[in-house]
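1. just a sequence and a predicted model for now, questions to come.
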Amino acid sequence: MEKHPLTGWHGTLLHVDLSAGKSRAEILHRDLLLSYLGGRGLGVRLCREEHTLDPFHPDMPLIFAVGPLCGTPSPTAARLSAVSRSPLTGTIYDCSAGGRFAHRLKAAGFDALRIVGRSSRPVAIAVTPGGAEILPADALWGKAVGETVRMLESRGSVAAIGPAGENGVLFASILMGEGNAIGRGGLGAVMGGKNLKAIVVNGDRTTGIADRSRFDRARNDVMRLFRASPILFGELGIGEYGTPALVDLMRQRRMAPTENFRKTVFEASGNYSGPAIRKAYGAKKDGCYGCPIQCKKSGRDGMHLPEYETVSHFGALNGIDDLHAIVRSNRLCNELGMDTISAAATLAAWGEGRGRFPGAEEVETLLADIGFRRGDGDLLAQGSRRVTEALGIPALSMTVKSLELPAYDPRGAYGMALAYCTSNRGGCHLRAYPISHEILRKPVATDRFSFSGKARIIKIAEDSNAAVDSLVACKFSFFGATLEEYAELLAAVTGERYGPQSLKEIGERIYLTERYYNCANGFDAKDDRLPGRFFAEPGSGGEGIEVPPIDEKRFEEELQKYYRIRGLTPQGTFPDPDYLSRLP
Amino acid sequence: MKDQIVKYAGKLLVDRSALPGNVAFAAHDDTLLSDGNPRLGRLCERILSSLSCLGLVAARPSLPFADYLVRRAKAGETRIVPQDTETRTFLHDIPFLRREELGEDASGRISSLLGNRKGMIAEGVGIVAGGTVTIEQAYINYSSVFHAVFVKYLLDLLADGFRLPGEREAFESFRREWLKPLSAEGLAFRSGPLEEPEEIFKEVAAVGRYPVERGLVDSFFGNISCRAGGVIYISQTAASLDELPGRIDPVRTDNSSTTGITASSELLAHRRIYEESGARTILHGHPKFAVVMSMLCEEKGCPVKDCWRDCDKVRLLGDTPVVAGEIGAGGLAKRVPPVIASPRKAVVYGHGVFTVGRTDFAEAFQAMVDVENWCRQEYFRRLSAKIAG
């Protein structure tokens, strides 16, 4: 098969079959790359033949895909997406992460790494420009993430699972050596199910840029917008304080999920705010490789400090006001290889069910029990929905499509309420990210207590973000820049014609492909549902802000409007069963 | 959605950036709707139906400058590139279609341009601008294009004079009829120093409206603050000056809370101005003649190319210092504070005016009026000299 000349992409995929113990490089068709870009889009497309397989079926692929901007100095673009079917949600699932691993995978000369099969014994994969080497990993099995990384990092950048992934915790994550996480959806369990402990990548290939002066202009435009954004580079922004800069804002907006979403204000949240973390740990700038924002923060000893979602869920959601305990919980999750949001939210639902939220000390014991699936941890390892169903209290699971909701109460932002439900991977804030306009006023503000126009806004944002996840760029970039500037970067790198409108059309293709896969696995309108609590109980009003229950009738109207805008049936399914076959 | 269309169509008329009867908006929710001038409305619907965008505005500007810039552009050019901050930061450039390119149905070609840019000019039709998220965003993008076109046209006139039939007459009409005298006369200001939060919230919201009502600035472009008791009360990012109630962030000067993450991108500049000048109030807007005049530099042989960012000189417009510096964390916050304390006013290259008040907003507002009036007079003096010469 002849390889077409491309700039920005290598045009090559590395396929590894762990059952056979073999690997091979495959050519990626030019049309496929132009139509799906990379990252999430490419990964999702590459699952087309297997999308109905069980997540733990050996033939279900686990894909790591970079994008055309990776390997260039495009701001925030040293990222990848991991894609497979989630054992937690049953949906197609992608998760984006930044760091050197993505950069080095691209430098190894591959746009994607597709792993299928199941090894009979623990292994690691070493990827270089020469291809893949499958290494025995019996000595690594059972080890925490940090130690695993240290044992492999001399060979390159490492992505590894911890005991949680080995033991099939349904919200197990994959951690990168520099602390970046493929956090949500349990892809760590998929990796563990393949007996794959770690991947280490290295290489020296470069990524070309078709038009350097055009690229430099576009990059300057992006950086100018970053500097103009108070959210990114402002003195109170995430560049200074990390995402915990949102703690005080969510408290003020009265939408910080508290005690398993029974309340929306936690009076002690100031204990783990951005300024409190800086004071207690001397938080300094850290972040993804090549990223100018540096929103991650680390302490004086280099320890990675928790993100907003983590401090809020190990804090307010479980009623814990001890910052040091929260930091320890974060560290434990990272060592065990578990998603902090799902872990904390599962504990909160379980805690409410038994009438007592776990205290700071108990949380640490329970997290270890989850990671090793012992005692109560064996049940808790299955995530909030399965735990509450097993205990006969399903109404206490604050999930959508079995994915635990993050730290933005939907009663405080109605676009967020809708977007949790329409997200193809379940209750996730990042698919449409309406917090950007409903709370952070970017690109312009919308009324957070209104559904007016939200169906269209969510649809457009889902498409835009699907494209962003396929470039792959960080969504935080879009607190400053827009698709206009990133399309210009893409056009400059690849020499192809791209604009914001064409990127949104690519994003729509990706979104609908995901939705189609989900429908094929039985998902429909019945799954696009918020927990009943949000329609029945108010949040914590006060200080001039009322947080009433969401009007269920109005929510349903907007959801139906969303289906019409998407061209779906009232059941949220596809009127044309052959839709997928017409896509490239 | 209709209420939003009515609101922003009204704002285009109040700020006199569009001709009455020549405005239309379209919105795309689950259905497509439009309101306003029927011909423009149909055009808006056709354009919007092929864009992934919620709102769109098409309006004939109240001034003919956009059409003149298109006609003055060289054959083969397809876009204008104003050098003001608004364009450099957000618009990048403004594509246009000439009258002969429009044909029977221009919607396809306009859609194609708007698929890549926030706004464009269709000669003889007007400015067309999209809003991905809201109707307001379409209005803002229209205003940005109108502002950028105004600034570029006036600068081009100073450089090249009148070149088209009827251009001089139209410009005289603009000067005589469109421009209104600027003054602070009749406006009410609370006497300072202002100390109580409720009093400050009310005064900031009230004074925010004044520059817009007096035609000094367009509503979206600017910010305002007041300092009292270790707190800076500042307008939020992406807040219109004439709609500030509920959109003012109290920001503690000791940074013990990050609630102010939604504050104006110029928070750092405000903080440093307070530290350097001891002022109690700050007003910032983008009066057009001040923006135009700030971009005129008579220095010969200067090696600096990106003047708006890299020029380290302090020039003067009358007795008002002019400095360079990009918005947000880009340099303006370093260069304005050192020069503003004594004159209590400063202009940022291609961007706008900062003024301060020692006790309340009366002094800051008067200073902004004075700067813009001086720049207006100086502009016309120079233009007359150019034409006479």
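-> Everything's here; your move.

2. tell me the confidence at residue 38?
-> No chain in the question, so chain A it is. For A:G38, the pLDDT comes out at 98.

3. switch to chain B, please.
-> 97.

4. do you know how far it is from chain A?
-> 23 Å (C-beta to the nearest C-beta, to the nearest Å). C-beta coordinates here come from the backbone N, C-alpha and C atoms, glycine included.

5. for that residue, which non-adjacent residue is closest in space?
-> B:A24 (7.7 Å; C-beta to C-beta, 6 or more residues apart in numbering or on different chains).

6. give me the neighbour count for that neighbour.
-> Close neighbours of B:A24, defined as other C-beta atoms under 10 Å in any protein chain shown, add up to 26.

7. what's the first helix or strand after the helix or strand hosting it?
-> According to DSSP states H and E, B:A24 maps onto strand B:18-28. Reading on from strand B:18-28 to the C-terminus, the next helix or strand found by DSSP H and E is strand B:32-36.

8. which other residues reach the helix or strand following that next one?
-> Following strand B:32-36 in sequence order, the next helix or strand is helix B:38-48 (DSSP H and E). For helix B:38-48, the surrounding residues in contact (C-beta atoms under 8 Å, 6 or more residues apart in numbering or on different chains) are B:22-28, B:32-35, B:55-59, B:105-107, B:110-111, B:114, B:125-126, B:128, B:130.

9. how about a cut-off of 6 Å?
-> B:24, B:26, B:28, B:32, B:34, B:56, B:58, B:107, B:110-111 (C-beta atoms under 6 Å, 6 or more residues apart in numbering or on different chains).

10. mind checking which of those are buried?
-> B:24, B:26, B:28, B:34, B:56, B:58, B:107, B:110-111 (16 or more other C-beta atoms under 10 Å in any protein chain shown).

11. ok, back up a step: for the strand holding B:A24, which positions count as buried?
-> Residues of strand B:18-28 classed as buried by neighbour count (16+ other C-beta under 10 Å): B:18-19, B:22-28.

12. next: stretch B:108-117.
-> B:109-117.

13. filter those down to the ones in helices?
-> B:109-114 (DSSP state H).

14. over to B:L316. Which of the three states is it?
-> When classified by DSSP: H, G, I helix; E, B strand; the rest coil, B:L316 comes out as strand.

15. tally of neighbours for it?
-> Neighbours of B:L316 (other C-beta under 10 Å): 11.

16. contacts only, for it.
-> Applying C-beta under 6 Å, 6+ apart, no residues contact B:L316.

17. tell me the spacing between it and B:R39.
-> In this structure, B:L316 and B:R39 are 48 Å apart, going by C-beta to C-beta, to the nearest Å.

18. do B:V128 as well
-> Counting by C-beta to C-beta, the separation of B:V128 from B:R39 is 13 Å.

19. low-confidence regions, chain A specifically.
-> A:1-4 (pLDDT under 70).

20. would you pull up the residue in it closest to chain B?
-> A:Q501 (3.1 Å; C-beta to the nearest C-beta).

21. that residue belongs to a helix?
-> Yes. According to three-state DSSP, A:Q501 belongs to a helix.

22. which residue sits closest to the residue of chain B found nearest chain A in space, ignoring its chain neighbours?
-> Across chain B, the shortest distance to chain A (C-beta to the nearest C-beta) belongs to B:G115, at 3.1 Å. Spatially, and ignoring its direct neighbours in sequence, B:G115 is nearest to A:Q501 (3.1 Å; C-beta to C-beta, 6+ apart).

23. what about the helices in chain B?
-> Listed in chain order, the helices of chain B (DSSP H) span B:2-14, B:38-48, B:65-72, B:85-86, B:99-102, B:107-114, B:135-160, B:167-173, B:197-213, B:267-277, B:288-294, B:307-310, B:332-340, B:361-388.

24. next, count neighbours for A:G185.
-> The burial count assigned to A:G185 is 33, neighbours taken as other C-beta under 10 Å.

25. if I look at the residue of chain A closest to chain B, how far off is B:I47?
-> 12 Å.

26. same thing with A:I545?
-> 39 Å.

27. these two - which one has more neighbours?
-> Neighbour tally, A:I545 and B:I47, criterion other C-beta under 10 Å: the higher count belongs to B:I47, 25 against 16.

28. what pLDDT does that one get?
-> Note on B:I47: pLDDT of 97.

29. how near is it to A:T399?
-> Relative to A:T399, B:I47 is positioned 41 Å away (C-beta to C-beta).

30. ok, back up a step: do me a favour and average the pLDDT over the strand holding B:A24.
-> The model assigns strand B:18-28 a mean pLDDT of 97.

31. returning to that earlier point: the residue of chain A closest to chain B: how many residues sit nearby?
-> Considering only other C-beta under 10 Å, A:Q501 is surrounded by 21 other residues.

32. which neighbouring elements make contact with the worst-scoring helix or strand of chain B on mean pLDDT?
-> Within chain B, no helix or strand scores below helix B:85-86, which has a mean of 86 by mean pLDDT, DSSP states H and E. Helix B:85-86 is packed against helix B:135-160, with contacts defined by 3 or more C-beta pairs under 6 Å, 6 or more residues apart in numbering or on different chains; DSSP states H and E.

33. between B:V128 and B:R39, point out the one with more neighbours.
-> The residue with more neighbours, out of B:V128 and B:R39, is B:V128; 29 against 12, by other C-beta under 10 Å.

34. the closest residue to the more buried one other than its chain neighbours bridge partners, please.
-> Residue nearest to B:V128 in three dimensions, not counting chain neighbours: B:A58, with 4.5 Å by C-beta to C-beta, 6+ apart. Under DSSP bridges, the beta-bridge partners of B:A58 are B:A24, B:V128.
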